[in-house]
Every structure is written in C-alpha cells, then in structure tokens.
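In: With the input below, show me the fold.
(2 chains)
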Amino acid sequence: MSDHDPIITRRHLPSAIWFLPLLAAIIAGWLVYKNYDGKGVLVEVVFDSASGLEANKTKVFYRGLPTGVVKELKIDKDLRRIKALIEMVPQTADSLTKNAQFWLVKPQVSLSGVRGLETLLSGSYISFQPGDLSGEFKRSFEALDQPPPPIKNSDGLYLTLTSDSARSVYQGAKVYFRDIEVGEVLSHALSPDGKKVLIETYIEPRFTYLIKSNTRFWNASGIRIKADLSKVDIQIGSLASIIAGGIHFSAPDETADPASNSQILPLYDDYEAAQDGIEVLLRFPGATELTEGASVQSRGIKIGRVKQVTLTDDFKSMDTVLLIDPRAQDLLKEGSRFWLQKPELSLEHLDQLSELLRGSYIELEPGQGAEKLSFTALDIAPAKRQLSMGKAIQLRTGQLGSVSKGSPILYRQLPVGEVLSYELDKTGKEVIIHAAIEQRYSYLIQTNSRFWNASGINFTANFDGLALRTESAAALLRGGIAFFNPAGNRKSNSTTSTKNTYPLYADYHQASEQGALTDQHLQNAFKIRLRALETGSLKAGDPILYKQIRVGKIVQATLNKDGKGVTLYGSIDPTYSHLINESSRFWNASGIKADFSLRHLSVRTESLETLVSGGIAFDTDYAADPVKPNHLFTLYSDRTTSIQQPLGVQVTFAAGKNIQPHADVRFKGQIIGKVATVDVTNEGKALRVNIDLFRDGHFLARQNSLFWIVEPAIRLSGIDNPAGILTGNYIEALPGEGQATFSFSGLPKPPAFQNKSGLNLTIHSPALGSLYKGSPLFYRQVPVGSVTGFDLNDKGEHVNIFINIKPEYALLVRHNSEFKNVSGVKIDFSLFGGINFQADSLETMIGGGISFTSPADSKPAESGDVFIIDEM
Amino acid sequence: MQHSALTQGIIICHRCAKTAGIQQDGETCPRCGTRLHRRKLHSVAYTWALLLASMIMLIPANILPIMTFKALGKGDPATIMQGVLQLVDHGLLGIALVVLTASIIIPLLKIIGLIILLLTVQLGWTTNMRQKMLMYHFVEWIGRWSMLDIFVVAILGAIVQLGSLASVTGNTGATAFAVSVILTMLAANCFDTRLIWDKHLEKIGYADHVGR
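Out: I've put the predicted structure just below:
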C-alpha cells in the first residue's frame, strides 16, 4: 500500500457521454411515435362472405387511395357472418360516422370498362364511402351488397332519367354524345311507386353544357334492328354500348335553359322515340297498308313519321298518330291534305328503288287556313297537285298514250318538269294532262310551244344514223312529253305565262308540222327550191349533201299547182350557204347508181342514209354568181344527169335500124348524149328516137344537124365500131347551123363527107377497088390519113372518095400531088424483068389503101380540093 | 504467477502500444504524443452509455419496418421479425436462421455480453475471467456481422428498383438498426478488458498498482 494517499478529485457532473443514450432515447422515441402515429382507427365491418377478403392484405380504398387495411377476419358466433377488423387511416376517423359505408369491390371486366383491374392481382378490395362529418361516430358497420349510389359531391351534372324499363342500362353504362363518353349511369332504381325506373346519371363537368332542360335522352343499348317492309332500321351504338348499354342524347338546343342538377328527364326507348314532334291525328277512311314508322313527306322532304296506327272500333277506318317535325308546323293548316302515297314500281329509274323499299308514305300537301292538328286523309292521291314552284300547264290530247304520273317533260331531252296527273275532261273526249315545269325552266314555255308525246321508241328508219329515236330512257319506259319552241317567232317573255293549255301532238312530226317549225337553224338557213318531176323517195327531213357531207335538209315537198311536178323546199345550213351558186347542180342521191360500161363499172351511192331514205346531193362546178334565196334549181335524177343536164331531141329514123335505149350519141367519138327511148312510129315504118343531149351536146340541137346510126362492121382489115359489137349501135351526130330545133330526121347511112379536122379532100376514081371507109392513106408508106367515105357521083361516072389527112400531115399534100390506089397486090410479070411483086403493106393487101406522092415545091392543097386517080 | 504490466510498473500507450514507466502516467507518449494512462479513462461509463444508447435504438430497429418489398404493387413494410417469419413461410429455414442470428440473436448477445462484462468490472466479480475475455473477443469480432441486414437492405434498395414490378425501399427501422449495431461496436471498443483482471490483481495484492 502507498503512503501517499492520492488526491481524489471527484467530478460532480456526469460525463457528457450520457447524452448519447439520452439522444438515442429521444430519436428512438420519436421514430416509434412517428410510426405509430400513422396507425389509424380500428373499425369492425360485417360482411356476408369473406370471399376476397384477406387479413392484412385486403385494403380499403377511398377514391383510389388506400385508406385502411383488413387486419383480422373473424366469423360470427352463429357462423353466419364475417366480421372484418379494419384499420382505417387516421384521416378517415372523422368520417367514420353513422352513414359511412363499406362494400367489397371485386374485379369487373366488361366492355364498358375494366373496373378494378388491380384487383385481378391484388385481389378484391373494400371501398369506403365516408359518412357525414357531423354525424354520430360509429365503429361497427354493415358492408353493402353492391356499391351505393355515389354521393353527388363531384363537379358535373347529376340527372335523373325516368324510363319504363332499365333495359341494359346498368350502373356504369356510359352516357354518350356523338359517341363520345360524357358521363355514366350511377345507379338505377325503381321509382317509389314502381312504375318507372329512375336512372341516376352523372355528366362530367366539361360536358355539362350539352345538357339542356329539354335534352332528349334515349337508350342506345345493344343493337336494335327494326325491320318491316318499309325499312330495315339498324341502330347500333358504340361497341361498348352494344354490350354494356348506353345512353345517348340529342344535340343541345342552344336556346333552351341549361339543365340543373337533379333534374328529372325522360329516357326514351330508342332514337326514334326520342325524336320530337307535333302529334297530329290523321284518320284514314279505309284500311291502308300503313306501318308505324312510315314517313310523312311533303314534296319529297321527310317531315315526320307515323307514330301509332290503330284501327277504329268499327273497323272502318284507321287512326294514325303522326309525329311531325316542329319545323313543319306551318304546313299543318286547315286546307292541308294528306294521302297515302304508294311507291310505284317503275322501271324508269333505279334510284327510285329506295322509294320502293321505303314503302308507302304519307304525303302532305300544305294548305291554307287556321292551324289544325287533326285531319282526315284522302282516299287516293288528288288528281292535281299544285307545285308551289314552277309553272303549271295543261295538255289536251285524245289519247293518253303511255304518259303517266311522273312522266318527264323534256326540252331538248332535258327534263324540265313532270306530269303531275291526268284526267278526262268533262265531255270525255279529251284527256287533260296536268304538268308542271320547274320554275327555272318556266320561261321555256311560250305561247307557241309545241308539245308532243315522246313516249316509246320513235323508230323512224330514216337512217339518221339508224335513227332509233327516243326522248330519253326514262321517257321510253315511262312515257314523256317533249316540247319545242318553233323558231322564228319567238316572242317576248311577257307572253310566256299567259297561256297554259296546249294541245299535245301525237308525235314530233305532227308537232313540228313535218319539221317545218322545228329547226332553230331554219330561220338562218339558206332556202332553196328544187323543181322535180316527182319526189321519188325524197321527203321532208332528208338530207342535202355536198360531197357526202350533210349541209342541209329538205324541209318540205309540195305538189305544183298544175300537178305536173313537185317543188322541194330545202334549207342549207348557213355555214354552207356559200356552196350554192348558179352553177350548182342538184340531183336525187337516193338509191344506187350503177354505171356500167366496157371501160368501167362504177357503183355510186351518196351514203347509206340516202341509199335507203333518200336525199339530195349537189355539186357546184365553178365559181358563179351567188343566188338569191328561194332560187329554183332543177333536181336531176342522178349525178350524171345533173352533170349532163340533158336536152331532149327527137330523131326519126327509118325502120330497120337497130338502136336501143341508153345507146350513146356521139360526136366525133365523144359521148354527148344518150338515147332515152325508142318508139316505133308511123305503123312500124319509122323509129322515133328520143335523145337526151348532154350539156356538151346542146349545140347539136340545131337545124341541119345530122344523125345517123353507126353499126359495127367487121372487115378483113379491121373492125369498125368494135365497142358496138358489145354495146350495140350508137348514133353519130354532126352539128348543123341554124335555128334551134328539137326534131330531126335521121340519115339512113353515114354522110359521105365528114368534115373532120385536118385536110379533107375528094378523089375521083374510076373504081373503088378494095377501098372502104377507114382505108389508110399512105405517104411514103406512113399512114397519114384515111378514107372517110366514098360515093358515086351523081351521074355514076366515077367514084368520089373522101379522104382526110391528119392535121399534122396536111402540108404533105400539094396542089399537084398524085394519088394512087395501092389496094391489093400488084404483080408485074415479064420475061426479062422477072416478077415485080409490089405491095405497100399487108393491110393494104387486104384492106386496100391510097398512097400519094407530092412534088417538092408546090402550093399546099386546101380542103375541098379534088384529085383524080386515073387508073386502078 | 499472475502478473500484469502495471504491477511491474509499465504502462502502455493506447495508440501506439509503446511501453512507458508508470511514472509517466498522465504525460504524453514520447512516440505518438498520446496522453498515457494506466487504464482507459472512463471506460466503464462510456461503455455503459453507448450500450444504453444501442439498446434504446434496438427498440425502433425491431418494431419499425426495416424494408418494404413490393412485387406487382403488392407488399408491405416488414420489420426484421416479420422478414424472418416470411422467410419461414416460404420454407427458407436456413436463410431465416441466418437472418435471425445476425439480426436479432447476435445484437442481443452482444448487449448481454457487454452487460455481463461491465457488471463484472463494477461488482468486482473475479470468476471465470478467462471465459469473460473470450466472450469479449467474441462480442468484438461478431459485432460487424450484424451489419449484414443493413447490407442486404442497402444493396436490395439500390438494385431492386423495377418500377411497379418489384421494388425495395429501406425504412426507418434499418437506420435504427444500423445505429444500434454501430453503437454496440463502439461500446465494445470502449471497454477496457484489463479492468476485469484488475480486481483479481487487487485481491492477490497488487492493489496499489491498480489504483488510479
């Protein structure tokens, strides 16, 4: 042990380290307190079943927020109920009053929405509806079987809809506006008297403006198919509403007051029922085929529908209740008339198929007078229906034809109106057709308008492009009336409205007076007249063609007053009128013209149209003076004739000549005419040949003109007129000089002297030898001419041989030329000279000929000179 | 014979373990400058204070949830004991045992052990001193393992953040628990084991050496 007691200094204050446990105690205490401060109040809720409930798991939600959890589940002593001990968050403590409510929410998957999807994983939960804050506190509750109606404490609109049945509108069903979800059904319950279903509906705040105090709601649940003859009506809401049900409502009426909270509005069964309307009582005198829902129309506009059809007690008439659009209220006047309009099966329009399917409807014809809401329908549609718009006209006709109600009135094939009705006039002699022309076309109706029945097919086979003419397909099937306004006498518009009764012509031709009145072109057209012997197949309307192009048409054909011919009136399209001048030739282009000769075969028709139906063609040869309108032209029978413009002359031949009609008349080889007819006259001793001299041959119609018949002749040296062998004889002519004359005597044989071009000479020869007409004339064995004829001189002393030297060789013949007959073969036989065989040519050996020699310088011979052949 | 350094007049620096003569008690260590004492000053008081704080913090650590594990939006905050019971529910007895040991038994054992040691010093018990030394070393060594729970919570809380699919969040209980463990470790550290022997030395005649 130590001697020095240590000085012990004792600290009186505890060490600072002791603050540490104090601090720890404070922190721990605070932590624990804080933890347990969050713990709520325990309440007891009684459930029928514990299914879906789980201790420490099942939560209580209020507005999606966990507000408690089931702590413990206990079963009642009597084993009938489950008691759940629920710990609620402290914030709810104040609201756990008498009317606080608990109910179990189970997952609901429906098309209107998935509710409590989280419960699929987390299990069911308990929903909590707080009670009044001021209410009596309570710690034991009974759970509800189903969600209570939500308390109306959100913004938005709470409405009560009343309906006859809940149908599929259940809690959670949506309220749609234009298929947009705007709210939902909160609950539905029977009204206290059990007569109605009250459907509590909530509209979201942002849509509340849509709901007015007169908004009409209807049940759009499911698919609604309403089918009857008149219609098949399928109403489908949104997919969700099909299955889950839904409520729709009508567009807001801007003028109406906005709906107030808790307002009671009706919920209609369907869209139709919700439609507003003025109820009109209509009594049909007899049973009609009318169904509920049939529409009421006025002038084609649907203004309402049939709401209810009931048979009266005596079964004699039918009462209908119509719902008329309020906007159409003005139509419901004392004078208004109703009738049942049945659809007509018409092939006219396919678009009227809808009308057929729509079925009968009630037509309303507005009237005048005081307002009225109860009517008696007409038995049948009234005969005359006034068009409020447009011009009413009456047409009188003997036969109705196929005109029927609704037949169109056509103007230039454009429908401008329609037949409203028809009736017999009082005498029964005529049918009066009532028609109306649309307002905008009413000016077309003039005092001189001409109407015709355009029904059916107008097969005027005028080959106007195979003119199968109908006014329109509609008119074809349904009948129609067409009209036109004759050109030329258009009057001022003031005359348009005065007259309203017109005759109805049977067809276009009658109406247009054979087309005389029809064409608007007519007044501008260039008019011509054509003189013809007969109309042939020509008739009004046939075309006038120029180079096969239609430039006009025949307007009219009239018989001349003397009955000897016809005058055709034609009109030429103004654009072609310059084609007509004095030189124009017109011919009948109808039919086929075949021109047959050895040289050519030409078949000519103007056009298929004219071939069948006839027509006039013309040609203008050269620029000539223009003609005045109504110039009289001659109509030739065909084109050739028109070119030829024949002049008839008569030539009388002695009998025995063979000449046939259509034989040519020639002048110097050119055809200048044709034999038209050959008559035997003077008891068979003479032939009177009527010749048509063509324009080129008109000069032959003079005194002293010569005509003879040329026959073919076959000689050793050749054939004269070989064509004649096939075509027959022809008439040769030589012009004379003098007065124009049209009757001639034909020569029995060709004149010996023919004045041909070139040098015409006469040779006096003691004998003809083997010369013949046409025998050649040689100069140095070159043929330079021919024998044109021969003749005995008056006394028979010698033969006059007429020769013709071709013009180009004329100078070869001199005044003192020597001619020699070289016909045949000249054989000189002498003992010392041998045989001198001399022939000019083979032709001359057979056919003979004349050769000549000319001295070098001498005066050229002139026509008419005479030479002499001394010896043969 | 049983001797201590003190009986031989030697004290040791707490910091650098340099020996010094007992006459240097209260002076600074010539090597590291730490004040030299025969024994740690106020060891028992410090240990008691820290232990007490630790015990206090252990209360919220056990009654407050340490962790919230939510899978598919489903899950509740759980205390340590609830976690263990959940593991047992899932049949994971081994893990439940580990968690139970690390989180509940060891902290309790540590506290009990330290209390015994402190009482030994204060009441001058001289029995089973060797076992007590072993106990101290065990307490000191095992202390850090109690942080296992905290690691689990910290790691899970950092990793398991899969949104609504699964999420782990730490709760206040974990903090309290961590504080508790740390305090226990500090308490164990403050305790001077030589005090256990001093009584014995006093009894066998070294009281003057042992005196302060």
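
In: and the closest residue to residue A:398 other than its chain neighbours, how many neighbours does it have?
Out: When the adjacent residues along the chain are set aside, residue A:398 lies closest to residue A:430, with 6.3 Å between them (C-beta to C-beta, 6 or more residues apart in numbering or on different chains). The way it works is simple: take the backbone N, C-alpha and C, and place the C-beta from them, glycine included. Close neighbours of residue A:430, defined as other C-beta atoms under 10 Å in any protein chain shown, add up to 17.

In: can you map out the helices along the stretch 351-500 of chain A?
Out: Residue ranges of the helices in the stretch 351-500 of chain A, as given by DSSP state H, counting those that start in this stretch, are A:353-358, A:473-478.

In: got the buried residues for the longest helix along chain B?
Out: Determined from DSSP state H, the single longest helix within chain B is helix B:43-63. Under the neighbour-count criterion of 16 or more other C-beta atoms under 10 Å in any protein chain shown, helix B:43-63 has B:43-44, B:46-63 buried.

In: contacts with chain A among those, please.
Out: On the criterion C-beta under 8 Å from any C-beta of the partner chain, B:46, B:49-50, B:52-54, B:56-57, B:59-60, B:63 are the entries of these that sit beside chain A.

In: Now distance to residue A:124 and pLDDT too, for the residues you listed, in JSON lines please.
Out: As requested, these are arranged in JSON lines below (distance: C-beta to C-beta, whole Å; pLDDT from 0 to 100):
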{"residue": "B:46", "distance to residue A:124": "56", "pLDDT": "86"}
{"residue": "B:49", "distance to residue A:124": "52", "pLDDT": "89"}
{"residue": "B:50", "distance to residue A:124": "50", "pLDDT": "89"}
{"residue": "B:52", "distance to residue A:124": "48", "pLDDT": "90"}
{"residue": "B:53", "distance to residue A:124": "46", "pLDDT": "90"}
{"residue": "B:54", "distance to residue A:124": "44", "pLDDT": "90"}
{"residue": "B:56", "distance to residue A:124": "42", "pLDDT": "90"}
{"residue": "B:57", "distance to residue A:124": "40", "pLDDT": "89"}
{"residue": "B:59", "distance to residue A:124": "36", "pLDDT": "88"}
{"residue": "B:60", "distance to residue A:124": "34", "pLDDT": "88"}
{"residue": "B:63", "distance to residue A:124": "30", "pLDDT": "87"}
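
In: Between those residues, which sits nearest residue A:136?
Out: Nearest to residue A:136 among those, counting by C-beta to C-beta, is residue B:63 at 34.7 Å.

In: quick one: the closest one and residue A:14, what's the gap?
Out: Noted for residue B:63: a distance of 29 Å to residue A:14, by C-beta to C-beta, to the nearest Å.

In: Test my guess that residue A:307 contacts residue A:292.
Out: Yes - using C-beta atoms under 8 Å, residue A:307 is in contact with residue A:292, at 6.7 Å.

In: These two - which one has more neighbours?
Out: For residue A:307 versus residue A:292, neighbours defined as other C-beta under 10 Å are more numerous around residue A:307 (19 against 16).

In: Now for the closest residue to residue B:5 other than its chain neighbours: which residues touch it?
Out: The shortest distance from residue B:5 to any non-neighbouring residue, by C-beta to C-beta, 6+ apart, is to residue B:12 (6.4 Å). Contacts were defined as C-beta atoms under 8 Å, 6 or more residues apart in numbering or on different chains; by that measure residue B:12 touches B:5, B:18-20.

In: Now list the buried members of those residues.
Out: The neighbour-count criterion (16+ other C-beta under 10 Å) marks residue B:20 among the contacts of residue B:12 as buried.

In: which one of the contacts of residue B:12 sits closest to residue A:767?
Out: Sorting the contacts of residue B:12 by distance to residue A:767 puts residue B:18 at the head of the list, at 195.3 Å, by C-beta to C-beta.

In: wait, isn't the closest one in contact with residue B:34?
Out: No - here residue B:18 lies out of contact with residue B:34, judged by C-beta under 8 Å, at a distance of 9.0 Å.

In: now the nearest residue to residue A:621 once chain neighbours are set aside: how far from residue A:616?
Out: The spatially closest residue to residue A:621, leaving aside those adjacent along the chain, is residue A:583, at 4.6 Å (C-beta to C-beta, 6+ apart). Note on residue A:583: its distance to residue A:616, by C-beta to C-beta, is 16 Å.

In: who has more neighbours, those two?
Out: In this comparison of residue A:583 against residue A:616, neighbours counted by other C-beta under 10 Å, the higher total goes to residue A:616 at 29 against 13.
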